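J.: Sequence first, then the predicted structure, then my questions.
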Amino acid sequence: YADTMIGLKRLNNLHDSIKIVLNEGVDGDFIECGVWRGGACIFMRAALAAYGIEDRRVFVADSFKGLPKADPEKYPQDKNDNLHTFSELAISQEQVEKNFQKYGLLDEKVVFLKGWFEDTLPHAPIEKLAILRLDGDMYGSTMVTLSNLYPKLSIGGICIVDDYALPTCRKAVDDYREKHGIRTAMKEVDWTGCYWRKE
């Protein structure tokens, strides 16, 4: 019944990441891809409000109808995935908006990107990102997010992976990093969360 399921360690990591990019002046907005009830996005908007930051936005990217059905022809790594059957993961945009509202944080700085990542992220109105948070679980969702948004992550920006313990997510992250020669060491947050800074 909570607004987030990421746990205290990953919330602390998100807060630390926000403080780093703000203190160091890393350019860009914040985004989470795969938001569930919106808790991490609400936290990001709250941090911007608390620190008096007016020139950054928080993008809230989700289908708002759960996870997609696996496409094994396109992403064979997802062939055994059944997360699309978990109805408790399908939280409507209206509900997420209400969750922002109850904290007084729903405003023009919060931008919703509704739809499957492959449809929304290639055309998202984002120039630069300072924080890129991935919570898409699946290989396809993770790869689409990285392919479309990692190039927009500023140098010094932070890429956070929520689901690295899941084999599908881990494989996508490892494949992307290998393909693009990303050698920056990943740091562990907890049993499934990890992150690295773009160099």
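T.: Structure received. Note that this is a predicted model, so its numbers are computed, not measured.
J.: ranges for the strands of this protein?
T.: Using DSSP state E, the strands of the chain run over residues 29-33, 58-62, 110-114, 129-134, 153-161, 187-188, 194-197.
J.: can you give me the end-to-end distance of stretch 128-142?
T.: Terminal residues of stretch 128-142 lie 19 Å apart, using C-alpha to C-alpha, to the nearest Å.
J.: remind me which residues of this protein are low pLDDT?
T.: For the chain, the stretches with pLDDT under 70 are 82-83, 85-87, 89.
J.: Quick one: closest of the strands of the chain to Ile91.
T.: The minimum distance between Ile91 and the strands of the chain falls on strand 58-62, with 7.8 Å, by C-beta to C-beta. For the C-beta atoms, the positions are set from N, CA and C on the backbone; glycine is no exception.
J.: in its sheet, what does the closest one sit against?
T.: Take DSSP bridges as the rule and strand 58-62 pairs in its sheet with strand 29-33 (parallel), strand 110-114 (parallel).
J.: chain center to the first one: distance?
T.: Here strand 29-33 shows a centroid-to-chain-centroid distance of 6 Å under the convention C-alpha atoms, centre = their mean, to the nearest Å.
J.: What number of residues are in the vicinity of Ile18?
T.: 23 (other C-beta atoms under 10 Å).
J.: what's the distance between it and Ser63?
T.: Distance, Ile18 to Ser63, using C-beta to C-beta, to the nearest Å: 25 Å.
J.: Asp119 now?
T.: Going from Asp119 to Ser63 by C-beta to C-beta gives 9 Å.
J.: right, and Trp36 touches Ala90 too?
T.: No: with contact defined as C-beta atoms under 8 Å, Trp36 does not reach Ala90; the gap is 9.5 Å.
J.: More neighbours: which of these two?
T.: Neighbour tally, Trp36 and Ala90, criterion other C-beta under 10 Å: the higher count belongs to Trp36, 23 against 15.
J.: give the contact list for that one.
T.: Residues near Trp36 by C-beta atoms under 8 Å, 6 or more residues apart in numbering: Thr4, Met5, Asp62, Leu89, Ile91, Asp135.
J.: Tabulate the residues you listed in CSV, adding columns for neighbour count and distance to Leu48.
T.: Below are the contacts of Trp36 laid out as CSV (neighbours: other C-beta atoms under 10 Å; distance: C-beta to C-beta, whole Å):
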residue, neighbour count, distance to Leu48
Thr4, 19, 17
Met5, 13, 22
Asp62, 29, 20
Leu89, 18, 27
Ile91, 18, 22
Asp135, 25, 19
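J.: Deepest-packed of the strands paired with strand 58-62, please.
T.: Here the criterion is mean neighbour count by mean count of other C-beta atoms under 10 Å, and of these the winner is strand 29-33, at a mean of 27.
J.: what does it contact?
T.: So strand 29-33 is contacted by 18, 40-41, 44, 48, 56-62, 117, 121, 126, 128-136, 141, 145, 149 (C-beta under 8 Å, 6+ apart).
J.: go again using 7 Å as the cut-off
T.: For strand 29-33, contacts defined as C-beta atoms under 7 Å, 6 or more residues apart in numbering pick out 40-41, 44, 56-61, 117, 126, 128-136, 145, 149.
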